[in-house]
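[1] sequence and computational prediction follow.
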Amino acid sequence: MAGNGERMKTVRLSVPISDEDLKSLEIGTVVYLDGLIITGREKVYKHILDDGEDMPEGLMQRCNVGFHCSPAASVDGDGKYSVGAVTATASFRFAKSLPGWFAKTGCRVIIGKGGMSQKHYDEIFVPAKAVYFTTVGYGTGALLGRGIKEVENVHWLDELGIAQAMWVLRVENFGPLLVESDLQGNSLFEQNNKEINEKIEKLYEGLRAPSLSRYGETDNKRDELI
Amino acid sequence: MIAIGQIEKAAYDIMLKAAIDIPEDYEDGIRGMQKGEKGDLSYFVLEAMLENYDAAREDRRPMCADSGLPRYYVKAGNEALIEGGFIALEKVLRQATARATQDVPLRPNRVHPISRQDNNNNVGINAPEIDYSFEPDADWVEITTVHKGGLFGTDYRMLFPGDGIDGIKRFFLDVMISFGKRGLACQPAIVGIGLGGSKDTCMVLGKQAACLRIVGNKNPDPEIAALEEELKQMGNSIGMGAMGFVGSSMVVDCHIEVGYTHTGGMPMSVHSFCLSSRRASVRIYNDGRIEHRTDPNWFTPYTRRNTVEWQEMVSA
């Protein structure tokens, strides 16, 4: 088995990622990025979409990749930033903000943790011609941190705080990431879930159900919670 | 007498170690899992994680940017003497947390639950948590820090005696499957299970089982050790691996801790200590000697005692 990880197809892409590059991506491909990426989560979305703040001028012409994360960063006394590691946060929570985000920014790629549901790919990502890259692990924070060459800027640090501010990061060989969804909305997680679900009922065979049930939105083991 | 400054420095040092250096037992466990992993994607994920541990060590940078909820466990020997007492100890643990947050850096994760106010130092109301235990005939204080993410992979359920081992297995599978999909639990994990106690004890025991026992450690009760092994095998037979991809790498190890519970109930909690299992311990003696380790040595015969009186175990 040794080295079977090396059989993974691997590509290196420049940001902003071109239409041609986006079209050619297949789910399950390993990606490394060069260029600018921006971070954003709850408070950035609220700032841009609810409070009507404008994106910094010209930024999205240079960068079409958004990252659901907050870095382990600190701000030194002299105003310099130090970023040690970056890891993604679970993306499904931000689904309701993404239609507005894509429309307002022209962002085409989301990097995050765990991907989105099939419904969100079909209804939000495919119409926006956007794809999803998942981080690996999760928690290759040191490898991703190594790929950050410079903090180009950080926006709204005072209002939003270190963890929630919008960080503009210049990256080189930033990865590994996996193509989780393509422009058609195919999803690596959905594909794997289908295969795993085939066996799930069998696992519970012969195990008596507990005497006290619980309320819940789903008790179907094939369903997901996101 | 243990100088308070020495405790502050030791508490700071272990925060840094925990954030950067993956414990050896856990890394070895992941290497072992990778050897048996037949799913290409899951195998690739484990390979990337092993590379990530190397990168963290070489660059002295955190292995994961989600610093989780950095916290402390303190085991105080009955003969330990701390300069300034426990009030001084708690003060320097808070100082060390703030200092490590700035220097490592750790992500300032701790916010007020409603206002979302962030002090930017991982210190706040009830943060960091400091859990205590005691040890007889010991002239040292042992401090462990754990940085564990907290959003997914944990659940609690009140089961009943009639639900039996089936109930335990079902709930275990429920948690593995529901949080394993898409790898929300950041598996393979050390899965800790709390059985019994009152509800809060049940949660605490399961959390401590996950975070404070190393890979390969067995519960001294042979029946419980057998259940640990059975649940571990069960988790790794679901057909799911790292990141929820097809594979077998779910449970690096399974640890169960029990507490005597209500005669009518059998509460159960499940906790997942993730692919970035961050823990580090230090023991400081009254005479100033200091020992660093990755095994917190939290569950001792004394903490698991089952009698009114404590009698020193007589070794054969």
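    The structure has been received and is ready for your questions.

[2] and A:G84, backbone torsions?
    phi -90, psi -50 (degrees, to the nearest 10).

[3] tell me, how many residues neighbour it?
    27 (other C-beta atoms under 10 Å in any protein chain shown). All C-beta spots, glycine's among them, are computed from the backbone N, C-alpha and C.

[4] give me every residue that touches it.
    Residues in contact with A:G84, defined by C-beta atoms under 8 Å, 6 or more residues apart in numbering or on different chains, are A:71-73, A:141, A:145, B:61-62, B:65, B:104-105.

[5] if we go to 6 Å?
    By C-beta atoms under 6 Å, 6 or more residues apart in numbering or on different chains, the residues touching A:G84 are A:72, A:145, B:61-62, B:105.

[6] now, which of those residues sits nearest B:A226?
    Nearest to B:A226 among the contacts of A:G84: B:P62, at 37.2 Å, using C-beta to C-beta.

[7] wait, that closest one touches A:A72, no?
    Yes. Counting by C-beta atoms under 6 Å, B:P62 does reach A:A72; the two are 5.2 Å apart.

[8] which residues are common contacts for the two?
    Listed as contacting both B:P62 and A:A72 by C-beta under 6 Å, 6+ apart are A:84-85.

[9] ok, A:G52 to chain B distance?
    Per C-beta to the nearest C-beta, to the nearest Å, A:G52 is found 20 Å from chain B.

[10] ranges for the strands of chain A?
    A:10-14, A:30-39, A:65-67, A:72-75, A:81-85, A:109-112, A:131-135, A:148-155, A:166-181 (DSSP state E).

[11] for the residue nearest the centre of chain B, give its distance to B:K169.
    Nearest residue to the geometric centre of chain B (C-alpha atoms, centre = their mean): B:C211, 1.1 Å. To B:K169, B:C211 is 23 Å away according to C-beta to C-beta, to the nearest Å.

[12] on that earlier part again, and the residue nearest to the centre of chain B, what does it touch?
    Contacts of B:C211 (C-beta under 6 Å, 6+ apart): B:146, B:148, B:273.

[13] got the angle between whichever helix in chain A runs longest and strand A:131-135?
    The residue-count maximum for a helix in chain A (DSSP state H) belongs to helix A:188-197. Here helix A:188-197 runs at an angle of 70 degrees relative to strand A:131-135 (axes from the mean of the first three to the mean of the last three C-alpha atoms, to 10 degrees).

[14] what about helix A:188-197 and chain B, any contact?
    Yes. Applying C-beta under 6 Å from any C-beta of the partner chain, one finds that helix A:188-197 is in contact with chain B at A:189, A:192, A:195-196.

[15] so A:C69 makes contact with A:I37?
    No. Contact criterion C-beta under 6 Å: A:C69 and A:I37 do not qualify, at 9.5 Å.

[16] pick out whichever of those two has more residues nearby.
    A direct count of neighbours by other C-beta under 10 Å for A:C69 and A:I37 places A:C69 higher, at 28 against 23.

[17] just the pLDDT at the closest residue to that one other than its chain neighbours, thanks.
    Using C-beta to C-beta, 6 or more residues apart in numbering or on different chains and skipping residues adjacent in sequence, the residue nearest A:C69 is A:A88, 4.8 Å away. pLDDT, A:A88: 91.

[18] output the set of residues of chain A in proximity to chain B.
    Residues of chain A lying near chain B (C-beta under 6 Å from any C-beta): A:4-5, A:8, A:71-72, A:74, A:84-87, A:114, A:136-143, A:145-146, A:161-163, A:176, A:189, A:192, A:195-196, A:199, A:203, A:207-208, A:210-211, A:221, A:224-225.

[19] among the residues you listed, which ones are in helices?
    A:141-143, A:145-146, A:189, A:192, A:195-196, A:203.

[20] out of the residues you listed, which is most surrounded?
    Neighbour counts for these, by other C-beta under 10 Å, peak at A:G141, which reaches 31 neighbours.

[21] got the contact list for that one?
    Applying C-beta under 6 Å, 6+ apart, we find A:G141 in contact with A:85-87, B:62-65.

[22] do that again at 8 Å, thanks
    By C-beta under 8 Å, 6+ apart, the contact set of A:G141 is A:72, A:84-87, B:52, B:56, B:61-66, B:276.

[23] do the same with B:R278
    By C-beta under 8 Å, 6+ apart, the residues touching B:R278 are B:18-19, B:22, B:63-64, B:68, B:145-148.

[24] of these, which belong to strands?
    The strands, defined by DSSP E, take in B:145-147 from the contacts of B:R278.

[25] need the residues you listed in TSV with neighbour count, pLDDT and distance to chain A, can you?
    Below are those laid out as TSV (neighbours: other C-beta atoms under 10 Å in any protein chain shown; pLDDT from 0 to 100; distance: C-beta to the nearest C-beta, whole Å):
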residue	neighbour count	pLDDT	distance to chain A
B:T145	28	98	16
B:V146	27	98	15
B:H147	28	97	11
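
[26] closest one of the residues you listed to B:M176?
    B:M176 has its nearest neighbour among those in B:V146, at 21.4 Å by C-beta to C-beta.

[27] what strands line up against the lowest-mean-pLDDT helix or strand in chain A, and which way round?
    Across the helices and strands of chain A, mean confidence by mean pLDDT, DSSP states H and E is lowest for strand A:72-75: a mean of 77. Strand A:72-75 sits in its sheet next to strand A:81-85 (antiparallel), going by DSSP bridges.
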